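> what would the 3D arrangement of this be:
(one chain, ligands or ions: 1)
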Amino acid sequence: MDNKDQLLNKRAKAKEGGGEERLKKQHAQGKLSARERIDVLLDSDSFNEIGGLVEHRSTAFGLEKQKIPGDGVVTGYGTIHGRLIYVFSQDFTVLGGSLSETHAGKICRIMDLALKNGAPLIGLNDSGGARIQEGVVSLAGYADIFYRNTRASGVIPQLSVIMGPCAGGAVYSPALTDFVFMVEETSYMFVTGPNVVKTVTHEEVTSEDLGGAKAHAEKSGVNHFIGGNDVECLKMVRDFITYIPQNCQELAPHPSVFEFDKSNLEKIESIIPENATMPYDIRKVITFVIDASSFREVHKDFATNIVVGFARLEGRTIGVVANQPISLAGVLDIDSSRKGARFVRFCDAFNIPLLVFEDVPGFLPGTDQEWRGIITHGAKLLYAFSEATVPRITVITRKAYGGAFDVMNSKSIGSDLNFAWPTAEIAVMGAKGAAEIIFKKEIASADNREEKWLEKEAEYAEMFANPYRAAERGIIDEVIFPKETRSRLISGFKMLENKTEKLPNKKHGNIPL
Ligand code: HXC
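Numbers count the residues shown, from 1 in each chain. Below you'll find the predicted structure:
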């Protein structure tokens, strides 16, 4: 065989992966191959492979007869919409995409390059976990990856796409990355699978129910986005990448073309119901303010009492955090505080300005919340906002009560501009509860207690259920009509474009984890 044939043969063998039969099985499950996935993810013909001929060195349990160039993971770099991206894609047809010492080494090599060159890392996961025949070196390989995930955190964006099994300790690499995408029905993630669960807790549960895309979207919040199939999911990643910068030193791309329907300015005026106890969908407010079709909601089905996501204002990426009155009246609880805090920290790490829409009646009361630590978890959101140095603007649409008012990006914790709509109620608590406490004796001694209570409630509401006491004190900067919101936000974020703020010198803070 001449030199040329030798190389062509090796390349062909690498491309073949685990062979025709296994590829057929992969396709029959509705899954693409590792290379097909890269083709969908990256701009066409932009992929450059690195380490395509790497083979494992193991000889245990007959592994020396199962050597396939690439060793179950395709690694390299390419572009998405012309921007540099590093990628690894596990090949389930090669020993179940299991992670050997060399497989891990290839992933680490890509991670090191991504970090040194300041570009996002995208991992396409489809693996049976540690290569069982290799034992402990495989475990060390995982740890090498975890270490790099952690070191790269906050420096380059890291995205994980789960496109098949991801079980055992393997789940911790995606968990350390910024965003997890999952494919419906063909992917699952769990620390221990259904068999172990059955032995230990006697629960009978399928892989899908235990760790499928829906379970993690709604129950655990482990994933942030789900796609209906491989292609849809990978296209979501391509779109998502346009909202974020390459690394922590850069700004997100700023397309100059955007659309905005001016009729939204009138529509927004009628969103808040006349009756302050009636709910409304905060996503309407978001949609009517931002550029057309630009909202990308993160964690859509988890902790739905807070809405977080990326949007654009005249093409500029912003991160939106908003209380959601149609879910639990928009209260803050453990899950919504965790969800909000993680999102705020991503935006702050990657120079994405924050916009907060506030309509919050307070923190969720109850033994369940208290005993599970709402104090610590609520403090996460408080900490995340307080620590953020990116431009920050708050718009209070309606309720801003108690400690939750402070937490939701109040001026005292470093927000740059705070607006309130005329419907805002900024107070320690709701008028009914307040009247009951401060006028307790007066109400108790009244001939008609009900009437007195209502009278005192109205008195308190007159005083505080509006934005003007806060405006008089400068606790909010301006009371604005809803239709003025978009233009005030655009000019506000422009004004804050060159904001520089440094945290006190420290090794790192100690967020209440
Ligand atoms: C080596 C593996 C493998 C593994 C699968 N294969 N997992 N080889 N190490 N971990 C091989 C199979 O032998 C098979 O080879 C091929 O991959 C496809 O596997 P199947 O079982 O035929 O596929 P399927 O029926 O789809 O089942 C997929 C699966 C199952 C559910 C993932 O393969 C499985 O349970 N694998 C083991 C999972 C596991 O226990 N991993 C270790 C977890 S501990 P052939 O030649 O027949 O095609 C762990 C610790 C990490 O990962 C800790 C990090 C800190």
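> counting by contacts, list what the helix or strand encompassing Lys399 packs against.
Assigned by DSSP states H and E, Lys399 falls within strand 392-401. If you count contacts as 3 or more C-beta pairs under 8 Å, 6 or more residues apart in numbering; DSSP states H and E, strand 392-401 packs onto strand 354-360, strand 417-420, strand 425-427, helix 485-495. Where C-beta positions appear, they are placed from N, C-alpha and C, glycine not excepted.
> of all those, which one is nearest Val54?
Val54 lies closest to strand 354-360 among the helices and strands packed on strand 392-401, at 42.6 Å (C-beta to C-beta).
> next one: phi and psi at the residue lying farthest from the centre of the chain?
Distance to the chain centre peaks in the chain at Asp447, reaching 55.5 Å (criterion: C-alpha atoms, centre = their mean). The phi and psi values for Asp447, taken as degrees, to the nearest 10, are phi -60, psi -50.
> what about it, distance to Lys441?
14 Å (C-beta to C-beta, to the nearest Å).
> wait, Val308 sits on Gly340?
Yes. Using C-beta atoms under 8 Å, Val308 is in contact with Gly340, at 6.1 Å.
> higher neighbour count, those two?
Gly340 (29 against 26; other C-beta atoms under 10 Å).
> the more buried one: which element?
Following DSSP H and E, one finds Gly340 within helix 334-349.
> check Ala434 too.
Ala434 belongs to helix 431-438 when assigned by DSSP H and E.
> can you name the residues of this structure sitting close to the ligand?
Proximity of the chain to the ligand (C-beta under 6 Å from any ligand atom) is limited to residues 22, 95-96, 98, 128-133, 139, 142, 165, 167-170.
> what about 5 Å?
Proximity of the chain to the ligand is confined to 95-96, 98, 128-132, 142, 165, 168-170 under the rule C-beta under 5 Å from any ligand atom.
> from these, which land in strands?
Using DSSP state E, the members of the residues of the chain next to the ligand that fall within strands are Pro165.
> so which of the residues of the chain next to the ligand wins on neighbours?
When neighbours are counted by other C-beta under 10 Å, Arg131 leads those with 27 neighbours.
> spit out the contact partners of that one.
Residues counted as contacts of Arg131 (C-beta atoms under 8 Å, 6 or more residues apart in numbering) are His56, Ser58, Leu95, Ser98, Leu99, Ser100, His103, Ser138.
> biggest separation within those residues, which pair?
Taking C-beta to C-beta, no two of the contacts of Arg131 sit farther apart than Ser58 and Leu99, at 12.1 Å.
> was I right about Glu218 contacting Lys300?
No. Glu218 is beyond contact range of Lys300, at 9.5 Å (criterion: C-beta under 8 Å).
> tell me, how many residues neighbour Thr317?
Look at Thr317: counted by other C-beta under 10 Å, it has 24 neighbours.
> try the one 10 residues further on
One way to gauge burial is a neighbour count; for Ser327, by other C-beta under 10 Å, it gives 17.
> measure it to Val360 for me?
Distance of Ser327 to Val360, given as C-beta to C-beta: 12 Å.
> for the spatially closest residue to Tyr243 that is not a sequence neighbour, give its distance to Gly62.
Distances taken as C-beta to C-beta, 6 or more residues apart in numbering put Phe310 closest to Tyr243, at 4.3 Å, once the chain neighbours are dropped. According to C-beta to C-beta, Phe310 and Gly62 sit 49 Å apart.
> between those two, which has more neighbouring residues?
Higher neighbour count among Phe310 and Gly62: Phe310, with 23 against 9, using other C-beta under 10 Å.
> and Glu455, how close does it get to Ala461?
Distance, Glu455 to Ala461, using C-beta to C-beta: 11 Å.
> more neighbours, those two?
Neighbour count, other C-beta under 10 Å: between Glu455 and Ala461, Ala461 has more, with 18 against 15.
> just to be sure, that one is in a helix?
Yes. Assigned with DSSP: H, G, I helix; E, B strand; the rest coil, Ala461 falls within a helix.
> hmm, it is touching Ala431, no?
Yes. Between Ala461 and Ala431 a contact is recorded at 3.9 Å, counting by C-beta under 8 Å.
> could you list the low-pLDDT ranges of this structure?
Residue ranges of the chain with pLDDT under 70: none are present.
> quick one: the helix holding Ala434 to strand 392-401, angle?
Taking axes from the mean of the first three to the mean of the last three C-alpha atoms, to 10 degrees, one finds helix 431-438 and strand 392-401 inclined to each other by 60 degrees.
> contacts for helix 431-438, please.
Identification of contacts with helix 431-438 by C-beta under 8 Å, 6+ apart yields Ala427, Val428, Ile443, Trp453, Lys456, Glu457, Ala458, Glu459, Tyr460, Ala461, Phe464, Ala465.
> mind listing what's buried along that helix?
Neighbour counts using 16 or more other C-beta atoms under 10 Å place Ala431, Ala434, Ala435, Glu436 of helix 431-438 among the buried residues.
> following it, which helix or strand comes up?
In N-to-C order, the element after helix 431-438 by DSSP H and E is helix 440-444.
> off-centre distance for that next one?
Once both centres are worked out by C-alpha atoms, centre = their mean, to the nearest Å, helix 440-444 turns out to sit 48 Å from its chain's centre.
> and what of stretch 95-109?
In terms of C-alpha atoms, centre = their mean, the centre of stretch 95-109 is found 27 Å from the chain centre.
> what about dumping the CA coordinates of that stretch to CSV?
The C-alpha trace of stretch 95-109 is given here as CSV (Å, rounded to 0.1, in the frame of the first residue of the first chain):
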residue,chain,number,x,y,z
LEU,A,95,-17.9,0.9,22.0
GLY,A,96,-21.1,2.8,23.0
GLY,A,97,-19.3,6.2,22.8
SER,A,98,-17.7,5.1,26.1
LEU,A,99,-15.0,7.3,27.5
SER,A,100,-11.5,5.8,27.5
GLU,A,101,-8.2,7.5,28.6
THR,A,102,-7.5,8.6,25.0
HIS,A,103,-11.1,9.6,24.3
ALA,A,104,-10.9,11.9,27.4
GLY,A,105,-7.5,13.1,26.2
LYS,A,106,-9.0,14.2,22.9
ILE,A,107,-11.8,16.1,24.6
CYS,A,108,-9.3,17.8,26.9
ARG,A,109,-7.2,18.8,24.0
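> which residues touch the residue in the stretch 151-300 of the chain positioned nearest to the ligand?
Nearest residue of the stretch 151-300 of the chain to the ligand: Gly169, at 2.4 Å (C-beta to the nearest ligand atom). Shown in contact with Gly169 (C-beta under 8 Å, 6+ apart): Gly129, Ala130, Leu139, Tyr142, Val191.
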